[in-house]
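>>> My questions are about this predicted structure, shown below with the sequence.
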Amino acid sequence: MLWLKEHGIASVAESVLNSGELDKTVAHLLVVARNDGYAQGYAECSHHVANALKVDWDTSKSATHGVNTKAALAAVKSQFHTLQLSVMDLINVALHSEEFMTRLREIFPDREEGEDEDLA
């Protein structure tokens, strides 16, 4: 259990935070959120301009014209909330084993002492 306290928990956290799957999903979420923010801001701004100038504002030139950015954002948020990380699948299998500590140590081998210093 000492290994788990000193190395295992940090290794799990590090593996999750450095997961390529998580990076891709978060990057996609940022792009879609930015697009939705742009679309909402453009719609609000064009509404104010149309009201202030008493003109019909042509929004067809907007980069997000005709795109349901709210639905796209909701879909990506759902994908983020249901994201399955492969490292967590490995951990889950290991934790259901009678020899869970051995399995966890196989997934997260001990670092060399010099590696710990490099990370500091």
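Ah, there it is.

>>> Can you show me the helices along this protein?
For the chain, the helices defined by DSSP state H cover 2-3, 9-17, 20-53, 69-81, 86-95, 100-107, 113-119.

>>> so can I have TSV of these showing mean neighbour count and mean pLDDT?
All C-beta spots, glycine's among them, are computed from the backbone N, C-alpha and C. Converted to TSV, the helices of the chain look like this (neighbours: other C-beta atoms under 10 Å; pLDDT from 0 to 100):
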stretch	mean neighbour count	mean pLDDT
helix 2-3	10	80
helix 9-17	14	88
helix 20-53	13	92
helix 69-81	14	96
helix 86-95	14	89
helix 100-107	15	86
helix 113-119	8	49
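
>>> Select, out of those helices, the one closest to T59.
When the helices of the chain are ranked by distance to T59, counting by C-beta to C-beta, first place goes to helix 20-53 at 5.3 Å.

>>> report the angle between the axes of that closest one and helix 86-95?
For helix 20-53 against helix 86-95, the angle by axes from the mean of the first three to the mean of the last three C-alpha atoms, to 10 degrees is 140 degrees.

>>> I'd like to know which of the helices of the chain is closest to K61.
Nearest to K61, of those and by C-beta to C-beta, is helix 20-53 at 9.9 Å.

>>> now the helices of the chain in CSV, with distance to K61?
Listed next are those as CSV, based on distance: least, C-beta to C-beta, whole Å:
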stretch, distance to K61
helix 2-3, 61
helix 9-17, 41
helix 20-53, 10
helix 69-81, 16
helix 86-95, 43
helix 100-107, 52
helix 113-119, 50
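
>>> what's the residue of the chain positioned farthest from its centre in contact with, if anything?
The outermost residue of the chain relative to its centre, with distances by C-alpha atoms, centre = their mean, is K54 at 42.8 Å. For K54, no residue meets the contact criterion (C-beta atoms under 8 Å, 6 or more residues apart in numbering).

>>> Dihedrals phi and psi, it?
As for K54, its main-chain torsions (degrees, to the nearest 10) stand at phi 60, psi 50.
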